[in-house]
Every structure is written in C-alpha cells, then in structure tokens.
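Asks: Provide a 3D model corresponding to the input given below.
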Amino acid sequence: MLAVVQPEFHPDWVKEYHVFRTPHAQALFVTDFARLMPEHRSSVVNLYVTDSTQFYPEDRTLSAAIEQGRRVARMIVEEGSSR
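Replies: Below you'll find the predicted structure:
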C-alpha cells in the first residue's frame, strides 16, 4: 500500500511493525490533548495524516471517520488548486 504514495518504496525498508487490535476500545486523552493533537498536514509534502485520535473530542465512530476523511479531502483539493 505504501508503494501507491511512494512508488520507490521497498518492503526491506520496514524494520518492524506492530498490529494492535481491541474489539471495544475508546481512546483516553490527557488534559489539553487538543493542544497536542497532530495536524493533518505532515512535514512531508503532499502527505496528510488522519487518525482516530484526531476525532477528539468526538467519540471514535464511523461517522467521525467519514467526516474527517471529507475534511482532509477538501484540504487536498483546495491546496492542490492553489499550486
């Protein structure tokens, strides 16, 4: 999947990875988490990050994921048209 956004990607670059699955989990946040929450724009040009922790203060729901995806898609379209 990384090869889609980075055609030069090679699986040998990955040193290790972890998968965590919990059937019923809700993120717990520290005080002032909104101040610590990562931006959707990464430091890598044209790379945007979306993560369920960015739903804060909403609960982790499918509708929150869809809204976040739409928000970031709008950012990509708007920023792409300004280049």
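Asks: all contacts plus neighbour counts: C-alpha atoms, from now on.
Replies: Fine.
Asks: what sits up against stretch 57-68?
Replies: The contact list for stretch 57-68 (Cα atoms under 8 Å, 6 or more residues apart in numbering) reads 26, 27, 50, 52, 53, 55.
Asks: hmm, I was thinking of stretch 9-22
Replies: Stretch 9-22 is contacted by residues 2, 3 when judged by Cα under 8 Å, 6+ apart.
Asks: average pLDDT across it?
Replies: The average pLDDT for stretch 9-22 rounds to 88.
Asks: helix/strand/coil for the residue nearest the centre of the chain?
Replies: Centroid-nearest residue in the chain, with Cα atoms, centre = their mean: residue 50, separated by 1.7 Å. Counting by DSSP: H, G, I helix; E, B strand; the rest coil, the backbone at residue 50 sits in coil.
Asks: quick one: it from residue 24, how far?
Replies: Per Cα to Cα, to the nearest Å, residue 50 is found 20 Å from residue 24.
Asks: pLDDT on the host helix or strand of residue 70, on average?
Replies: Here residue 70, judged by DSSP states H and E, is contained in helix 62-81. Mean pLDDT, helix 62-81: 89.
Asks: how distant is that helix from the center of its chain?
Replies: When distances are taken as Cα atoms, centre = their mean, to the nearest Å, helix 62-81 is centred 11 Å away from the chain's centroid.
Asks: put the alpha carbons of it into PDB.
Replies: The C-alpha trace of helix 62-81 is given here as PDB (Å, rounded to 0.1, in the frame of the first residue of the first chain):
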ATOM      1  CA  LEU A  62     -17.700   5.600  11.600                       C
ATOM      2  CA  SER A  63     -19.400   9.000  11.000                       C
ATOM      3  CA  ALA A  64     -16.500  10.800  12.600                       C
ATOM      4  CA  ALA A  65     -14.100   8.900  10.300                       C
ATOM      5  CA  ILE A  66     -16.100   9.800   7.300                       C
ATOM      6  CA  GLU A  67     -16.300  13.500   8.300                       C
ATOM      7  CA  GLN A  68     -12.500  13.500   8.900                       C
ATOM      8  CA  GLY A  69     -11.900  11.900   5.500                       C
ATOM      9  CA  ARG A  70     -14.100  14.500   3.800                       C
ATOM     10  CA  ARG A  71     -12.300  17.300   5.700                       C
ATOM     11  CA  VAL A  72      -8.900  16.200   4.600                       C
ATOM     12  CA  ALA A  73     -10.000  15.500   1.000                       C
ATOM     13  CA  ARG A  74     -11.200  19.200   0.900                       C
ATOM     14  CA  MET A  75      -7.800  20.300   2.200                       C
ATOM     15  CA  ILE A  76      -6.100  18.300  -0.500                       C
ATOM     16  CA  VAL A  77      -8.300  19.600  -3.300                       C
ATOM     17  CA  GLU A  78      -8.000  23.300  -2.100                       C
ATOM     18  CA  GLU A  79      -4.300  23.100  -1.600                       C
ATOM     19  CA  GLY A  80      -3.800  21.300  -4.900                       C
ATOM     20  CA  SER A  81      -5.700  24.000  -6.800                       C
END
